[in-house]
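> kindly generate the corresponding structure for this input.
(chains A and B)
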Amino acid sequence: MSPWLFLIPAIPLAGFLINIFFGRGLKEWSAWVALAAAAAAAYLSIVAFLKVAAGQTLAVQWRWLPLEGEVFRLGFVVDPMSAVMLLVVAGIGSLIVLYSVGYMHGDPRFPRFFAYLCLFLASMLLLVLADHFLLLFIGWELVGLCSYLLISFWFEKPSAASAGKKAFLTTRVGDAGFLLGLFLVFASTGVLRFSELHHAAGHGSPLLGLAAVLIFCGAAGKSAQFPLHVWLPDAMEGPTPVSALIHAATMVAAGVYLIARTFVLFEANPMALQTVAVIGTITAFFAATIAVTQTDIKRVLAYSTISQLGFMMLGLGAGSAFAGMFHLVTHAWFKALLFLGAGSVIHALHHQDVTRMGGLWRRMPVTAVTFTLAAIAMAGIPPFSGFWSKEEIFMEVAASPILGDGFLLLAWGISFLTAFYIFRAVILVFWGQTPKGLTPHESPPVMTIPLMVLSAGAVGIGFINSAWTGHGFQRFLEGISVHDQMVGHFGLAAHEIPAHVNLGKIQLVSILVGLAGIALALVRYGLGIRLLPRGVRTLLAPGYRLVAGKYFVDELYEAVLLKPIRDFSQRARVFDTQVVDGAVNGAGLLGLRLSAVKRWVDDHLVDGAVNGLAVGFGRAGAALRLIQTGLVQNYLLIALSGAAILFWVLR
Amino acid sequence: MIPLGHFLILSILLFCIGLFGALSRRNSIAILMSIELILNATVLNLVAFNATVKNSPSADGQTLGLFVIGIAAAGAIVGLALIFSIWRQTRNIFSDEITLLKG
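Next comes the predicted model:
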């Protein structure tokens, strides 16, 4: 038992509480509160990581609620997989908090921003540490909330406000699937703890396969996989550190982490794995093509993130949780670096259009060098980090018994496009001439120091799994499958590569496609040579418009989903105002009319009867009055007459 | 012994005179006096029948006659008191002009 694991999410949570309640008084100091909280979490994460590296598995559990005799427990666990995620989240998180101090300087809601960042870190760490589906789901939803809050942080901008809403709603679609999958897992196996999943999922029943696909829906929503990717490009409306932290390095990787965590479910069902691989490939390829056409620097990076996440999914779908996780780790470093570099550029220029940039390397050398290093890493050029993880994915795809050769070709194509579009951005931003009238200057050290630290990671992190370190990362991750049975097999060990896979050839081709992409970008944008003759260009123009329009997925959703819903709502409104209101008003009016009739009946018939009776008696009385003359002698005469009549009758 | 028929004829005469007076006189006091005549006609009948019918051992007729005289006296007093009261109010004792009870 390691109760101190509590502190890892609790310290950022405390930072959140301090900043949200006392932020107004703390002012600039709120940033340092956040930084201290993030640094403390990072320190504890490193401690935990070192303990795990020494062969321990740290865990803590607490009673949550007694349930039908047995006690329902939730807990935290640090095994190799969550230890790696802890390092990524807390480490990159701390650097980005530091960077934000400079980037958010002067913002009117400065303390609030850091409060949200702390809440995000706390929820993300909760998600990572969870040993139980439910706890993971709580963290999962909390990071979604933070994502919403931070995307629409500048909510004065209508585009930011609607982007936040879109992100929240789109991921919610995936989360519905996730929740259903969770129910299905519980209904069919009765366990929700990851470490118990292994025993329950061994047989690979079709129901669990369905559950795996549903869980993948949740992952697809969070990790912006096709067709739920539409929110991520819009999420770039948020502050750039947020884009780097949440929408590139950590939260969007939560989907990949989720699948790696529940990998036994997928392994047992080849269909589920194929679904993951197919969706991942589609996403990676089509996002890469879109990224080529974008001119907004953050959108280029957003589509590249979607593409790389698709790549991780392909790695997972090839049957190797290790390949997906490895690419997750390397991607977190170089993509965070790319985003922070882009943020530095935006901070200096106050716009995001790459076609109006250029020549910045003279003015902003640190940003230029670090950004380029990250770009090389993403292009997959050895010995930078991206090469190692991409190569791992290529190899797994080639070796996978359930994926055809087409996947490998597509993966190479994606790798080529990746190199091309990221160097297009590098060349357009940092090379050439500075546009007139601009005097950009390098960002302050508080922003450049994180860039430098991250670039060290982006360059070197891949070595943790190189041949020289004896595939250390893979062995480290695989350690758990021996000890703990928490996840199944972690793909292929280095010595397990089948005979038909030519490792050297795959490595060579993957380097070549990366270099070819870079070379093409240099020729087209560095030297300004148009590659295609005019005739072919006009021929391909409709295709280009299709890609530049992001395949019109947003428009498709607008036409197929949103417009019908809006039309339906409009109809419903008309129905409401016309029919329902009409019915209600009609009922009221009917009551009114009916009462008018009843009033008439009351006035005329009932009152008539009552009054008529009274009048009748009145008349009768009036008639009888005539014999009441008041003359005594008349009465006597009448009495006499009566007596006479009586006498005559009784005679 | 005077036969019963004579008594009855006298009694009818008295009754008819009283009735005529009660119906035709305007003076309320005269009407009161006429009513006394009617009552006396009845008393005469009662006494005459009691004297004539032999097998009646008691003196029921005479007793009843005395009652009627007593009640007639009381009635006359009440009647006179009413007439005085009306006189004080209206200075009028003519029965055809007293229409207080007209409906």
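> shouldn't A:E196 be within a strand?
No: looking at A:E196 with DSSP: H, G, I helix; E, B strand; the rest coil, it is helix, so not inside a strand.
> show the average pLDDT along the helix ranked longest in chain A.
Determined from DSSP state H, the single longest helix within chain A is helix A:158-189. The average of the pLDDT scores along helix A:158-189 is 88.
> in that helix, what counts as buried?
A:160-161, A:163-164, A:166-168, A:170-171, A:174-175, A:177-182, A:184-185, A:188-189 (16 or more other CB atoms under 10 Å in any protein chain shown). Where C-beta positions appear, they are placed from N, C-alpha and C, glycine not excepted.
> so where's the stretch 101-250 of chain A shaky on pLDDT?
Within the stretch 101-250 of chain A, the ranges that satisfy pLDDT under 70 run A:201-204.
> tell me which parts of it are close to chain B?
Residues of the stretch 101-250 of chain A lying near chain B by CB under 8 Å from any CB of the partner chain: none.
> for chain B, give me its nearest residue in the stretch 101-250 of chain A.
In the stretch 101-250 of chain A, no residue comes nearer to chain B than A:K165, which is 90.7 Å away by CB to the nearest CB.
> show me the contacts for that residue.
If a contact means CB atoms under 8 Å, 6 or more residues apart in numbering or on different chains, then A:K165 has A:Y148, A:S152 as its contacts.
> low pLDDT regions in chain B?
For chain B, residues meeting the criterion pLDDT under 70 lie at B:54-57, B:103.
> recalculate using a threshold of 50.
Residue ranges of chain B with pLDDT under 50: none are present.
> quick one: name the residues of it near chain A.
Counting by CB under 8 Å from any CB, chain B comes close to chain A at B:19, B:22-24, B:28, B:31, B:95-96, B:98-103.
> tell me which of those residues is nearest to A:M325?
B:G103 (117.0 Å; CB to CB).
> where's residue 71, which helix or strand?
As the question left the chain open, I've gone with chain A. Using DSSP states H and E, A:V71 falls within strand A:70-78.
> think we crossed wires, I meant chain B
Following DSSP H and E, one finds B:I71 within helix B:60-90.
> buried set for that helix?
Neighbour count says helix B:60-90 has B:G61, B:L64, B:G65, B:V68, B:A72, B:G79, B:I83, B:I86 buried, by 16+ other CB under 10 Å.
> go on, stretch B:46-56?
Within stretch B:46-56, the residues scored as buried using 16+ other CB under 10 Å are B:L46, B:V47, B:A48, B:F49, B:N50, B:A51, B:T52.
> ok, now which ones touch residue 29?
Picking chain A for this. Residues near A:W29 by CB under 8 Å, 6+ apart: none.
> please refer instead to chain B.
By CB under 8 Å, 6+ apart, the residues touching B:I29 are B:L80, B:I83, B:I93.
> what do you get for A:T171?
Residues in contact with A:T171 (CB under 8 Å, 6+ apart) are A:G144, A:S147, A:G221, A:K222, A:L228, A:W231.
> cutoff 7 Å now
Residues counted as contacts of A:T171 (CB atoms under 7 Å, 6 or more residues apart in numbering or on different chains) are A:G144, A:G221, A:K222, A:W231.
> now do A:K27
Taking CB under 7 Å, 6+ apart as the test, what A:K27 contacts is A:P111.
> phi first, then psi, for it.
Main-chain dihedrals, A:K27, degrees, to the nearest 10: phi 50, psi -120.
> A:P241 versus that one, what's the distance?
Distance of A:K27 to A:P241, given as CB to CB, to the nearest Å: 19 Å.
> same question, A:T439
Distance, A:T439 to A:P241, by CB to CB: 24 Å.
> for A:S443, the count of nearby residues, please.
A:S443 is flanked by 22 other residues according to other CB atoms under 10 Å in any protein chain shown.
> shouldn't it be within a strand?
No: A:S443 sits outside any strand when classified using three-state DSSP, being coil.
> that one touches A:G343, doesn't it?
No: under the criterion of CB atoms under 7 Å, A:S443 is not in contact with A:G343, lying 8.5 Å apart.
> which is the next helix or strand following whichever strand or helix holds A:T372?
Taking DSSP H and E as the definition, A:T372 sits inside helix A:365-379. Once the chain leaves helix A:365-379, the next helix or strand it forms, by DSSP H and E, is helix A:385-399.
> how much does the helix or strand just after that following helix deviate in direction from helix A:365-379?
Using DSSP H and E, the next helix or strand after helix A:385-399 towards the C-terminus is helix A:405-430. Orientation check (axes from the mean of the first three to the mean of the last three CA atoms, to 10 degrees): helix A:405-430 against helix A:365-379 gives 170 degrees.
> tell me which other helices or strands helix A:405-430 touches.
Applying 3 or more CB pairs under 7 Å, 6 or more residues apart in numbering or on different chains; DSSP states H and E, we find helix A:405-430 packed against helix A:270-293, helix A:297-317, helix A:360-363, helix A:365-379, helix A:385-399, helix A:503-521.
> quick check on A:L228: phi, psi?
Dihedral angles (degrees, to the nearest 10) for A:L228: phi -100, psi 20.
> excluding its backbone neighbours, what's nearest it?
Take A:L228 and drop its neighbours on the chain: the residue closest to it by CB to CB, 6 or more residues apart in numbering or on different chains is A:G221, 4.7 Å away.
> so that neighbour sits in a strand?
No: using three-state DSSP, the assignment for A:G221 is helix, not a strand.
> hang on, isn't it packed against A:G174?
Yes: with contact defined as CB under 7 Å, A:G221 reaches A:G174; the gap is 1.8 Å.
> which neighbours do those two share?
Common contacts of A:G221 and A:G174 (CB under 7 Å, 6+ apart): A:L228.
> which one of the helices and strands packed on helix A:405-430 has the lowest average pLDDT?
helix A:360-363 (a mean of 79).
> which residue sits closest to the most centrally placed residue in chain A, ignoring its sequence neighbours?
Centroid check for chain A by CA atoms, centre = their mean gives A:K222 as the closest residue, at 3.8 Å. Spatial nearest neighbour of A:K222, excluding adjacent residues (CB to CB, 6+ apart): A:G255 at 4.2 Å.
> and B:N45, what does it touch?
Residues near B:N45 by CB under 7 Å, 6+ apart: B:S11.
> what mean pLDDT does stretch A:63-78 have?
For stretch A:63-78, the per-residue pLDDT averages 76.
> ends of it, how far apart?
Using CA to CA, to the nearest Å, the end-to-end distance of stretch A:63-78 comes to 18 Å.
> residues near the residue of the stretch 251-400 of chain A found nearest chain B, how many?
Taking CB to the nearest CB as the measure, the stretch 251-400 of chain A has A:M251 as its residue closest to chain B, at 104.4 Å. A:M251: 26 surrounding residues under other CB under 10 Å.
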